[in-house]
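Visitor: return atomic coordinates for the entry below.
(chains A, B and C)
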Amino acid sequence: MSRDNFEWLNVPVEEAARRLLGCELEREIAGETLRVRIVETEAYDQADEASHTYRGPTVRNAAMFRGAGHAYVYFIHGIHHCLNVVTGVEGYGSGVLIRAAEPVTGLELMAERRGKGGIELTNGPGKICQALDIDLTLSGHSLGRPPLRLIKRPPLPADQVIATRRVGISKAVNELRRFYIAGNPFVSKK
DNA sequence: GAAAAGATCTTCT
DNA sequence: GAAGATCTTTTCC
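Guide: Next comes the predicted model:
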């Protein structure tokens, strides 16, 4: 199928989560282009008790087993969607949750969709999906093609990347698998 | 300003 | 039947 070049994501999830910082997501909606820059990520893989893939493949998480460069979208708490970038080899359930991003283009459309502006546009997993109109129909989508593309950027200097504990989970809480860009205002609090 | 609860769907126990 | 990789609004200091 896709021969898109996502070999740079075919690495352990923690490394992939670091590499995704600073990369951009481009979303096309009805001829309009929205773009955001990733500023906060969290790593999940099959050996991780907090991961959806911990207990093996299911209908819901199948996209996470499809290999690096796919999107995995899930629906949470009956209200919100969350976007993951799948990493690693096909058949191994690993991926990176996009927790926060910084708007680059299409600010007005995002604000319109969110009903808010400024820092509240994309500083959380569910907020990004609402701002970019991401839903379950994009789960399993290849990120090499429209309407949702992942754009690689040069890696950040190591001293700009901070590793901390993850947010909003109740298992494996002490793992340092959340990464964010130091000093960026769009990184979610806590 | 901080804390708590509500909204509401899928999956697994 | 319960809990969840969340966000918003309300309530009480």
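Visitor: which parts of chain A sit against DNA strand B?
Guide: Counting by CB under 7 Å from any atom of the strand, the residues of chain A close to DNA strand B are A:55, A:58-61, A:75, A:77-79. Glycine gets a C-beta too; all of them are placed from N, C-alpha and C.
Visitor: do that again at 6 Å, thanks
Guide: Chain A has residues A:55, A:58-60, A:75, A:77-79 near DNA strand B, with proximity defined as CB under 6 Å from any atom of the strand.
Visitor: how about the secondary structure of A:Arg35?
Guide: Secondary structure, DSSP: H, G, I helix; E, B strand; the rest coil: A:Arg35 is strand.
Visitor: doesn't A:Arg27 make contact with it?
Guide: Yes - counting by CB atoms under 8 Å, A:Arg35 does reach A:Arg27; the two are 7.3 Å apart.
Visitor: settle it for me: which of the two has more neighbours?
Guide: More neighbours surround A:Arg27 than the other of A:Arg35 and A:Arg27, with 22 against 19 (other CB atoms under 10 Å).
Visitor: name every strand pairing with the host helix or strand of that one and say which way it goes.
Guide: Using DSSP states H and E, A:Arg27 sits in strand A:24-29. Pairing partners of strand A:24-29, with direction, according to DSSP bridges: strand A:32-44 (antiparallel), strand A:148-151 (antiparallel).
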